[in-house]
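Trainee: From the sequence below, what's the structure:
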Amino acid sequence: MPLNKKLLNKVKKHILAEPKRLFMSTWYVKGTPGKTQFMSEQSWGETQISFANCGMAGCIAGWTCILGLTDEQKELQQGLDHISISQQARALLGITSAYERLEPFELFYVNKWPLQQQREYLALKDTYNDNGQAQKRRAEIVAEVIDLFKKGYDEFEKRQKAVTKEKEYFRKLT
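Mentor: Numbers count the residues shown, from 1 in each chain. Below is the predicted model:
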């Protein structure tokens, strides 16, 4: 199954257009537009959320579901845990179980990203006076990770096609 690059690019553009929409520590969270919410627990160095005009922030998997599901399907997502959301996002993106076993990294979890992007993301610190620069850089890092993931998936699909052709060739010989 091909990767749904159209949806993945939509998620990337959505996050880059308004970095406040990004919060990798949970699949999505609602808040008051324009207000800042401080987090008691920080998973990926994110200590606060300054909500965008939409009043929502989320991770790659969360935005994949929000942007890729119908309103009716979104209603069914209420109350699901992050594992169920990541499974739904994988299905929407067409990430196959074969790729899940072989993938070079996990798209939805910062601690499973390529080391360079992981370290840079985790090193960013929110400060009162950075004017959103840390959050902007986080969004740029997520865009890099998405691009790396797409490239890796393309390479995986090419290998799969080569294996299929090879099997067909040997099947013809026998």
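Trainee: Phi and psi next, for residue 26.
Mentor: Dihedral pair for residue 26: phi -150, psi 160, per degrees, to the nearest 10.
Trainee: now swap in residue 30 and tell me
Mentor: Main-chain torsions, residue 30, degrees, to the nearest 10: phi -100, psi 150.
Trainee: which residues does it form a beta bridge with?
Mentor: The partner list for residue 30 in beta bridges (DSSP bridges) reads residue 56.
Trainee: what's the burial count for it?
Mentor: Residue 30: 12 surrounding residues under other CB atoms under 10 Å. Where you see a C-beta, it was placed from the backbone N, CA and C, and this is true even at glycine.
Trainee: residues contacting the most centrally placed residue in the chain?
Mentor: Compute the mean C-alpha point of the chain, and by CA atoms, centre = their mean the closest residue is residue 60, 2.4 Å away. Neighbouring residues of residue 60 by CB atoms under 8 Å, 6 or more residues apart in numbering: 11, 15, 24, 89, 107-108, 142, 145-146.
Trainee: so residue 153 touches residue 3, yeah?
Mentor: Yes. Shown here, residue 153 and residue 3 form a contact pair, counting by CB atoms under 8 Å, at 4.6 Å.
Trainee: Mutual contacts of the two, please.
Mentor: Common neighbours of residue 153 and residue 3 (CB under 8 Å, 6+ apart) are residue 95.
Trainee: Of the two, give the one with the bigger neighbour count.
Mentor: Legend: neighbour count by other CB under 10 Å for residue 153 and residue 3, higher for residue 153 (22 against 19).
Trainee: quick one, strands of the chain?
Mentor: All strands of the chain, identified by DSSP state E, fall at 28-30, 36-38, 48-50, 56-58.
Trainee: How far off centre is the last one?
Mentor: Right, strand 56-58. Averaging C-alpha positions (CA atoms, centre = their mean, to the nearest Å) puts strand 56-58 12 Å from its chain's average.
Trainee: That strand packs against which elements?
Mentor: strand 28-30 (3 or more CB pairs under 8 Å, 6 or more residues apart in numbering; DSSP states H and E).
Trainee: Repeat that for the second one.
Mentor: The criterion is 3+ CB pairs under 8 Å, 6+ apart, and the helices and strands that strand 36-38 contacts are strand 48-50.
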